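**Q** What shape does this take:
(2 chains)
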Amino acid sequence: MMQISVPLRTPTWFSRRRLLEEKLSDLHKCSNLEHVKQIHAQILKADLHQDLYVAPKLIAAFSLSRQILSAVNVFNQIPEPNVHCYNALIRAHAQNSQPSHAFAVFFEMQRCEMCPDNFTYPYLLKACIGQSWLPVIQMIHSHIEKTGLYSDIFVPNALIDSYSKCGPCGLTAALNLFTSMEEKDIVTWNSMIGGLTKAGELEKAYKLFDEMPVRDMVSWNTMLDGYTKKGDMDKAFKLFEKMPERNIISWSTMVWGYCKAGDIDMARIMFDKSPAKNIILWTTLISGYAERGLVREASTLYEQMEETRLKPDDATMISILAACAESGIMCLGEKIHASINRSRYKCSTKVSNALIDMYAKCGCLEAAFDVFNGIGKKDVVSWNAMLQGLAVHGHGKKALELFSRMIHEEFEPDKFTLVGLLCACSHAGLVEEGRKYFYSMEKVYGIVPEIEHYGCMMDLLGRGGHLKEAFALLHSMPMEPNAKILGTLLGACRMHNAADLARAVSVHLLKLEPSDVGNYSLLSNIYAQAGDWTSVADVRMQMKRHTGGQKPSGASSIELEQKVYDFTVLDRSHPRSDDIYQMIDRLAHDLKLVGYAPVVEE
DNA sequence: CTAGGGTTAG
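**A** From the prediction side, this is the model:
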């Protein structure tokens, strides 16, 4: 007789399990950590943690409540995990944005000759999303073709989803697969439309949307999101009006779209009209107000949100803090910091990082440092945010010290670290150090210089007056220079009165960024300094032609009595604009009297 | 399969 080894299932085992049955049925959907911990304790007591029905659910529950280590622990204690256990762990890593761990589990599975099923591949594909791992997706695709798991529509649908979010080549592959599929369900259509809208292919997306046999909420919301992400709020609104029904996602999408399009009043109307409000909807509008520097509105709304029973999560804090950092409204940032401290939940590293960035961008480096020093578990972003904060405020030496500390504490620098470091050198005039870091970064830290690093070098060399070297570097770059690089160089030309070099740069720059007022203004100042008034007049004309009606870019702002005031080049929109310019002229006059020589007179 | 999310050079 053949010997089969199965776990001993005695009557006691069944009764123990039945006792927990009810609690176990939805365990894998539970994200409440306290609840999960409680059930975990009961499972341990009943000695069911190695059971092949219970363990995968437990892994899923730990993953949902963001306890990935506990999930891994559960898995490691299973003597002979089956495919469900492996799938649960792969899914857990995918959900916790650890794609490489997900694949490590998959390879372990192959090593044990465990056969993947129609759940394994979709979970793996999920892990690929956002990673630009086209070859990996192709590898999975060929695995699937070999195993014949195509028949389950779940599998090709997952392929379409991950392919279509993986660049132009991926999108083509997704479209090919989509066309070749004989049977499609609504998820197939929705995934394809989602991929097209994410790639900005709105016309193609709408064509499919129009063709599809049945549409559900997801189809409508996907199209809506596509238009709002493109900034086409007219089309979005028309679609929104045509929707047979709307849910909270539809309303949030509209609020977000109007916020980004700068139509904060419409955003507010949508918010007020939305029949239900969740934390995402609140977060979106508060961030929208904060981004535009509307301190009072943002603060009031934040207080109102605190009065609801809705619990702000990490995304809420991060989103609003980032908006505060962008517009420089520290008072709201501080308010959020205070309510984080008041709540008994400990601040996650991501939120702390957002706090550091907010304080640093608002110019309060002490507060940024306090948060930085108080973080329990720093990550590379914490260091980068602090480093960048020190760098942009001219504390070059302190930034370099912080970098040494970072290396000493065995953190691995990434490309952002190097940007911060080079930026620190440039702002502190440490040309030699900057050169050293730039030319050794690949060898020492394994980071290949990208366009941002070249940008830092343009600034470093340009400021230091090494214009020739900067131009040589520009021509030796392995990538096409962008507007930011050329703008940096133009700024350096201005600093060192290099009108001829400026002329050469501007040809390309004005082609890349024809509607940016700052570039024209910079260029006209350079020509004015050189006394080339013909060129000045020419630049002015070009500017009028290309920027008419466009919003000027680049602004500074100050916060005064709950309102943020923006200052932009050549802006005359303020009602007391004449007074303001008169005051500037008077200040310039007074400065000249005490010996300050402005670079440019007009 | 659909909504908010931390660090990037002028």
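
**Q** So what does residue A:372 have for phi and psi?
**A** Dihedral pair for residue A:372: phi -60, psi -50, per degrees, to the nearest 10.

**Q** mind showing which ranges of chain A have poor pLDDT?
**A** A:1-19, A:548-602 (pLDDT under 70).

**Q** now the helix or strand hosting residue A:435: how far from the chain's centre is it?
**A** If you go by DSSP states H and E, residue A:435 is part of helix A:431-445. Centre-to-centre, helix A:431-445 and its host chain are 28 Å apart (CA atoms, centre = their mean, to the nearest Å).

**Q** So is stretch A:174-182 next to DNA strand B?
**A** No: against DNA strand B, stretch A:174-182 shows no contacts by CB under 7 Å from any atom of the strand, the least distance being 11.8 Å. For glycine as for every other residue, the C-beta is placed from the backbone atoms N, C-alpha and C.

**Q** re earlier: so after the helix holding residue A:435, what's the next helix or strand?
**A** Per DSSP H and E, the first helix or strand lying C-terminal to helix A:431-445 is helix A:451-463.

**Q** elements contacting the following helix or strand past that next one?
**A** Toward the C-terminus, helix A:451-463 is succeeded by helix A:467-476 as the next helix or strand (DSSP H and E). Using 3 or more CB pairs under 8 Å, 6 or more residues apart in numbering; DSSP states H and E as the contact test, the elements touching helix A:467-476 are helix A:451-463, helix A:483-495.

**Q** about what we covered before: now do the helix holding residue A:435 against helix A:467-476, angle only.
**A** Helix A:431-445 and helix A:467-476 are oriented at 30 degrees to each other (axes from the mean of the first three to the mean of the last three CA atoms, to 10 degrees).

**Q** what's helix A:431-445 in contact with?
**A** A:400, A:412-413, A:417-418, A:421-422, A:425-426, A:447-449, A:453, A:456-457, A:460-461, A:464, A:466 (CB atoms under 8 Å, 6 or more residues apart in numbering).

**Q** May I have it as PDB, with CA atoms only?
**A** Provided in PDB are the C-alpha atoms of helix A:431-445 (Å, rounded to 0.1, in the frame of the first residue of the first chain):
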ATOM      1  CA  VAL A 431      34.000  73.800  -6.700                       C
ATOM      2  CA  GLU A 432      36.800  71.400  -6.100                       C
ATOM      3  CA  GLU A 433      34.800  69.100  -3.800                       C
ATOM      4  CA  GLY A 434      31.900  69.100  -6.200                       C
ATOM      5  CA  ARG A 435      34.100  68.000  -9.100                       C
ATOM      6  CA  LYS A 436      35.600  65.300  -6.900                       C
ATOM      7  CA  TYR A 437      32.200  63.900  -6.000                       C
ATOM      8  CA  PHE A 438      30.800  64.200  -9.500                       C
ATOM      9  CA  TYR A 439      33.700  62.400 -11.200                       C
ATOM     10  CA  SER A 440      33.900  59.600  -8.700                       C
ATOM     11  CA  MET A 441      30.200  59.000  -7.900                       C
ATOM     12  CA  GLU A 442      30.000  56.100 -10.300                       C
ATOM     13  CA  LYS A 443      33.100  54.400  -9.000                       C
ATOM     14  CA  VAL A 444      32.600  55.100  -5.300                       C
ATOM     15  CA  TYR A 445      28.900  54.900  -4.900                       C
END
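
**Q** relative to helix A:451-463, how tilted is that helix?
**A** Computed by the same axes, to 10 degrees, the angle between helix A:431-445 and helix A:451-463 is 160 degrees.

**Q** Could you give me the buried positions within helix A:431-445?
**A** Neighbour counts using 16 or more other CB atoms under 10 Å place A:431, A:433-435, A:437-438, A:441, A:445 of helix A:431-445 among the buried residues.

**Q** next one: stretch A:64-75
**A** Residues of stretch A:64-75 classed as buried: A:64-65, A:67-68, A:70-72, A:74-75 (neighbour count, 16+ other CB under 10 Å).

**Q** about what we covered before: show me which of the buried residues of helix A:431-445 is closest to residue A:107.
**A** residue A:445 (28.1 Å; CB to CB).

**Q** distance of the closest one from DNA strand B?
**A** Look at residue A:445 and DNA strand B: by CB to the nearest atom of the strand, to the nearest Å, they are 14 Å apart.

**Q** State the number of residues packed around residue A:499.
**A** 17 (other CB atoms under 10 Å).

**Q** right, and it touches residue A:527 too?
**A** Yes: the criterion here is CB atoms under 8 Å, and residue A:499 meets it with residue A:527 at 6.2 Å.

**Q** one step back: could you dump the helices and strands packed on helix A:467-476 into TSV with mean neighbour count and distance to DNA strand B added?
**A** Output for those, formatted as TSV (neighbours: other CB atoms under 10 Å; distance: least, CB to the nearest atom of the strand, whole Å):
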stretch	mean neighbour count	distance to DNA strand B
helix A:451-463	24	1
helix A:483-495	22	2
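
**Q** Next, format the ones you listed as a markdown table and append distance to residue A:200.
**A** Formatted as a markdown table, the helices and strands packed on helix A:467-476 follow (distance: least, CB to CB, whole Å):
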| stretch | distance to residue A:200 |
| --- | --- |
| helix A:451-463 | 21 |
| helix A:483-495 | 20 |
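
**Q** Single out the residue in the stretch 501-602 of chain A that lies closest to DNA strand B.
**A** At 5.1 Å from DNA strand B, residue A:519 is the closest residue in the stretch 501-602 of chain A, using CB to the nearest atom of the strand.

**Q** need the contact list for that residue.
**A** Taking CB under 8 Å, 6+ apart as the criterion, residue A:519 is in contact with A:487, A:490, A:506, A:509-510, A:513.
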